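K.L.:
Okay, predicted coordinates and the sequence, questions at the end:
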Amino acid sequence: MSEMACDKHKETFVLNMGPQHPATHGVLRVKLVMDGEYIVEAEPVLGYIHRMHEKMGENRTWAQFMPNMGRLDYLGALSYNHGYAAAVERAAGIAVPERAEYIRVMTVELNRISSHLLWMGAYLLDLGGFTPLLYAFDDREKILDMLERVTGSRLTYCYFRFGGLYNDVDDQFLAEAKGFVARLRSRLPMYHTLVTKNVILMQRLKGIGVIDADMCRRYGVTGPVARGSGLNYDVRKNEPYSVYPQFDFDVPVYTEGDSMARYMVRMDEIEQSLRIVEQAIDGLPDGPVMAEKVPKIVKPPKGDYYHAVEAARGSFGVRLVSNGTNTPYRMKLRSPTYSNLSLLAEVAKGVTVADAVAFMGSLDLVIPEIDR
Amino acid sequence: MNPPITSADGLAGIVFLVMLLVTGAGAMIAVNAERTIRAVAGLALCFVGVAGIYYFLQSPFVALMEMLIYVGAVCVVLVFAVMLAEPHPEQQVSKRNALVGGLSFITAGMLTWGLVALAKGATWSTAAVRMNEGTMRDVGLSLLTTYSMVFELVSVVLLVAIIGSLVLGRAGRSKA
Amino acid sequence: MLRDRIKTALAALSPLEITETDHAKKGYDLDVQVSPDQVPAAAEAIRQEEFFIEAVTGVDWFGEQAAIVAEAAKVKAAAAKKAAAAAAAAAEAGGEAVPPAPAPEAPAEEAELLPDVMEVVYDFSHYQENCRVVVRTRVPRDNPELPTISSIFQGANWHERETHDFFGIRFLGHPDLTPLLLPEDADFHPLLKDFKA
Amino acid sequence: MNPEIIRVVGYVVAVIAFVALNAAMLVWMERKVAGHIQRRIGPKEVGPFGILQSFADGIKLMTKQLIVPEGADVLLFKVAPMLVMIPAIMCFVTIPFSEQLAARNINVGLLLIFAIASVNVFALLLGGWASNNKYAVISAARAVSQNVAYEIPMLITAITVVMFTGTMNLQEIVLGQAGGFWNWNIFPVGKNIGMVVVMPISFLIFFICSMAETNRAPFDLGEAESELVAGFHTEYAGMGFGLFFLGEYANVFIGCSLSVILFLGGWQGPFGLLPGVHWFLLKVYFLIFVVMWMRWTFPRTTFYGLLNLSWKILIPISLFNLVLTGAFIKVF
């Protein structure tokens, strides 16, 4: 790297994007070797908020690790709750009551919508449009209020328990959620006229940062990024868990593989999540939200277990190794954007800084989740 | 002979002196600056002073063209080039050797002496009669009648320059 | 079916062990145990079937061998105790003198203690079908080295770097094993079981 | 004392005061417009409707230290913000607010504004270079390419107006548009029916170019915050930044007033009712509102998109316009 910087004939220079930079959304640093405005080489430098969650997992009981889930992906924390709870339930063989699963799905999908809305606003901010952020926050605020009522927190949720939930939802939540679905449905066309159809936006996103299916496979890309590259992969459909098979929803897939495709996938996913929330509200069964026979201290039997869920950014997997005690022996957290970001070096070669920013934004990075 | 500085003419005299000073200072900076970029900045200052003198000579059109072309275009392009080509400002400072210094001193001295001698011997005539008002219309008329040949030749030179830069630019692009 | 196809493909490599698992119970479909030098070949076979890489990680089985030995010793001691008790009971019943208990065979057990290992786990999944394949390999703990698969799955680059960060497992042929998540000058490996902060 | 000198000095003081106050007003206006576009209310605490907010900000900026980064060219670093302000103030000298209200009626007023405004880019360049910051240098390079690219179509469209009106004197250009809005240059039905085709396009090009020249969104590539942090003024703190900021608003005002003078009839009202200066300011502030509206609605273009727009679209069209203008002046 330093050799290149000193190479006078190539006239390149090193530009540090981050760790404090408006486009890195957190403390990510990208070391760019530049030739004028063009990027010759991009190297993400991670670890600025690395907290070693996996070691923490080995030092506390199974239940005590749950709050860490909210600290990984702070924008879609409930998916992470779900992934961890489901993994431990699979390991310990705990059955979850159906009502609890319905509420899990409902809240996770609301959380997914809020995450996508925030992404949309922040992405437009990356592209220099300030206003959509405020509109998106306006809607997101409603979700945060609703989830605060049931989970007790606005961002770093710790709502799921092994075998169920911390708290049942009340009628007010259901009414509010129903109202919200109607409200956001009526506002989505506005987002599309305000943002999606904008000429400048199209010019900036179409054909920028193209990822093909083979690249996704080589890097292990999942989530909206993979779906924007024509891969019909959604853990909720491909590897059904929880009560997702009971809901009727589509997986939006776009084949272009550019930033616009990823943008469209997320916008369509908001609609699909609204459908799921609506069905979950309508079909919410009665019953307890906590399984009856959950031991006070969970001790999964020896062995290793894997559970993946579809988080807002892709497939989040938990690999547990239990030695039969009350603490995990090994806890591997597979975070989606870690894999998604790893292809930056390949895609960013030869593009301008502006396009690299547009590409990075379309990956929907949440740095605490990458660094863990 | 000497109008008070509070009168319009007096103020104009002061402005003229200021412009002279600016021109001279700009030139000095341009020559003496260690960093190329400061030299260009000095050059720009010098051009502004020259434009001021043109304005003082009641040729606002020429003055403004001086600003537009020399400051706004030439100097900007120079700074641009220097900015992109100067990675290590420290290495710029070159040692002047004594022989070159001596020679340049002698040359400068002879030039000064010649100019002084000329100025002393010359008979100063009164200011030249104004040909026209120096407005755009007059400039345009002169360019398209009396000096049309020069005008055309200049435009040919510019055309060659444009084509040349296009050729160079093309060659640079194919590499990338 | 994909699961059978990949099983035959991997079985052709003659891995140490290959088992089909219950997806609902374990979360994966195929569990393959290979030797370290078989890893690239296994990855290549998996790539042929268009799997994508989910993650690479390690597990430190520090003290596992000692535990196995201790467990065996415990079982043996219990058995010996039982045998002795049975003998004593028999002797009492028969009225004969109690025979002396056999001396513990400690030195022999020490010799049985194998070096500890670290496990490297590769998770693969498929975009079209619901099939997860887990490839495991075991490397000695005092010299953890195995070939990289980052030229087969480019995404493995960061996962292997991370595994190197946390466990000190060296991936031979990896382009750049500098710490990724840990500080640039980190020389410790926090996920080792004997790591004390 | 000579009354002429007093008038000139008084005018200069008034212009400087106007530039500063107007910029402060525009900052407030920008924040209010942004607020309402974004469904919030904007500043409201300091003074009625938050109108004193910019003064509070100004005081804050003035009390802050001007930090000179290590390795910077101190002299140029400090000169650059002033170089932004000086041309902006000088341009105001020739802008006729009404028939009587103009500091100096210069025969080549239009040229003066173009000439002086071209110094502005020099300031950005020096400021960016002197900061010793890679983002600032990239931004300065962008700003120059952008300014060079957009100065050309802007000048060409200005020439169509000059050809049409036959003068470069801003006062005369406005006087030529007297007598109802059908005489305004943007849609000169009353004067030359052929130019009705040319002038609206010229106005659009001129307006777009003036936005690009003043580095306003969606053309604010020079300070694209998501790419270059803050562009050429990344390293400026306190009033150094403040001057860049004020200079931007002063330039926006100049750009919009030029558009009004050249195309929208200057101080000429569509009908009587108000004195000229009111009409002038009304039109200018409406255009400024449009500029702000665009900023808060559109995302930023890319750099090559911006250059392509100028070199491949605006310049050919404006050249074609120029030819058409010549033809129409002869024909009609």
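P.N.:
Received, thanks.

K.L.:
Every contact and neighbour count from this point should use C-alpha atoms.
P.N.:
Fine.

K.L.:
so what does the longest helix along chain B touch, helix or strand wise?
P.N.:
The longest helix of chain B (DSSP state H) is helix B:148-175. Counting contacts by 3 or more Cα pairs under 8 Å, 6 or more residues apart in numbering or on different chains; DSSP states H and E, helix B:148-175 packs against helix B:136-144.

K.L.:
Contacts for the helix it packs on next, please.
P.N.:
Outside helix B:136-144, the residues that touch it by Cα atoms under 8 Å, 6 or more residues apart in numbering or on different chains are B:61, B:132, B:148, B:151, D:108.

K.L.:
Now do the same contact list for the third one.
P.N.:
Residue B:148 makes contacts with residue B:142, as judged by Cα under 8 Å, 6+ apart.

K.L.:
and the gap between it and chain C?
P.N.:
Plainly put, residue B:148 is 68 Å away from chain C if you go by Cα to the nearest Cα, to the nearest Å.

K.L.:
Give me the mean pLDDT for the longest helix of chain B.
P.N.:
Taken as a whole, helix B:148-175 has an average pLDDT of 78.

K.L.:
and it, how far out from the chain's middle?
P.N.:
22 Å (Cα atoms, centre = their mean, to the nearest Å).

K.L.:
Can you read off the pLDDT for residue A:274?
P.N.:
Here, the pLDDT recorded for residue A:274 equals 91.

K.L.:
How many residues are close by residue A:96?
P.N.:
By other Cα atoms under 10 Å in any protein chain shown, the residues close to residue A:96 number 22.

K.L.:
what does residue D:186 give?
P.N.:
Neighbourhood size, residue D:186 [other Cα under 10 Å]: 26.

K.L.:
For the contacts of helix B:136-144, which two are the farthest from each other?
P.N.:
With Cα to Cα as the measure, no two of those lie farther apart than B:148 and D:108, at 22.7 Å.

K.L.:
And chain B, split by domain according to the record?
P.N.:
Chain B breaks down into these domains under automatic domain parsing: B:1-89, B:132-176.

K.L.:
what separates the longest one from the chain centre, distance-wise?
P.N.:
Here domain B:1-89 is found 7 Å from its chain centre; the criterion is Cα atoms, centre = their mean.

K.L.:
quick one: average pLDDT of that domain?
P.N.:
Here the average pLDDT along domain B:1-89 is 78.

K.L.:
all helices of chain C, in order?
P.N.:
C:2-11, C:23-26, C:39-48, C:64-94, C:106-112, C:156-167.

K.L.:
mean pLDDT lowest for which of the ones you listed?
P.N.:
When I compare the helices of chain C, helix C:106-112 is least confident, with a mean of 50.

K.L.:
on that earlier part again, which of the domains of chain B sits most buried?
P.N.:
Mean neighbour count (mean count of other Cα atoms under 10 Å in any protein chain shown) peaks for domain B:1-89 among the domains of chain B, with a mean of 18.

K.L.:
So is that one next to chain A?
P.N.:
No - Domain B:1-89 lies out of reach of chain A by Cα under 8 Å from any Cα of the partner chain, never closer than 9.1 Å.

K.L.:
now the residue of the stretch 201-332 of chain D found nearest chain B, nearest residue through space, not along the chain?
P.N.:
Proximity of the stretch 201-332 of chain D to chain B (Cα to the nearest Cα) peaks at residue D:213, 13.0 Å away. Take residue D:213 and drop its neighbours on the chain: the residue closest to it by Cα to Cα, 6 or more residues apart in numbering or on different chains is residue D:147, 5.6 Å away.

K.L.:
Contact partners for that neighbour?
P.N.:
With Cα under 8 Å, 6+ apart, residue D:147 has these contacts: D:121, D:212-213.

K.L.:
which of the residues you listed count as buried?
P.N.:
Neighbour-count burial (16 or more other Cα atoms under 10 Å in any protein chain shown) applied to those gives D:121, D:212-213.

K.L.:
Going along the chain, name the helices of chain B.
P.N.:
Here chain B has its helices, by DSSP H, at B:8-32, B:36-56, B:60-65, B:76-85, B:98-121, B:136-144, B:148-175.

K.L.:
which helices and strands does the shortest one pack with?
P.N.:
Spelled out, it's helix B:60-65. helix B:36-56, helix D:109-130.

K.L.:
would you list the ones you listed in a markdown table and tack on distance to residue D:321?
P.N.:
A markdown table is the format used below for the helices and strands packed on helix B:60-65 (distance: least, Cα to Cα, whole Å):
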| stretch | distance to residue D:321 |
| --- | --- |
| helix B:36-56 | 32 |
| helix D:109-130 | 19 |
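
K.L.:
can you tell which of the ones you listed is closest to chain C?
P.N.:
That would be, of the helices and strands packed on helix B:60-65 and by Cα to the nearest Cα, helix D:109-130, which comes in at 31.9 Å.

K.L.:
Of all the helices and strands packed on helix B:60-65, which one comes closest to residue A:177?
P.N.:
Proximity to residue A:177, assessed across these by Cα to Cα, is greatest for helix D:109-130 (50.9 Å).

K.L.:
close to chain A, is that closest one?
P.N.:
No - shown here: helix D:109-130 not in contact with chain A (Cα under 8 Å from any Cα), separated by at least 14.6 Å.

K.L.:
model confidence over that helix, on average?
P.N.:
Averaged over helix D:109-130, pLDDT sits at 83.

K.L.:
Next, the angle from the next helix or strand after it to helix B:76-85.
P.N.:
Next helix or strand after helix D:109-130 toward the C-terminus (DSSP states H and E): helix D:134-165. Computed with axes from the mean of the first three to the mean of the last three Cα atoms, to 10 degrees, the direction of helix D:134-165 lies at 160 degrees from that of helix B:76-85.

K.L.:
for helix D:134-165, which positions count as buried?
P.N.:
So for helix D:134-165, counting by 16+ other Cα under 10 Å, buried means D:134-162, D:164-165.

K.L.:
residue boundaries of the helices in chain D?
P.N.:
D:3-37, D:53-63, D:74-92, D:109-130, D:134-165, D:170-175, D:195-213, D:225-228, D:238-263, D:276-295, D:303-308, D:315-331.

K.L.:
Comparing those helices, which stretch has the densest surroundings?
P.N.:
Of those, the one with the most neighbours on average (mean count of other Cα under 10 Å) is helix D:109-130, at a mean of 26.

K.L.:
Find the nearest non-adjacent residue to residue A:44, please.
P.N.:
residue A:30 (4.2 Å).

K.L.:
Remind me which helix or strand that neighbour belongs to.
P.N.:
strand A:29-35.

K.L.:
just to revisit the earlier point, quick one: pLDDT of the residue nearest to residue A:44?
P.N.:
Residue A:30 is given a pLDDT of 86.

K.L.:
surely it meets residue A:14?
P.N.:
No - contact criterion Cα atoms under 8 Å: residue A:30 and residue A:14 do not qualify, at 10.2 Å.

K.L.:
Nearest residue to the closest residue to chain D within chain B in space, please, no chain neighbours.
P.N.:
Closest residue of chain B to chain D, Cα to the nearest Cα: residue B:68 (4.2 Å). Residue nearest to residue B:68 in three dimensions, not counting chain neighbours: residue D:115, with 4.2 Å by Cα to Cα, 6+ apart.
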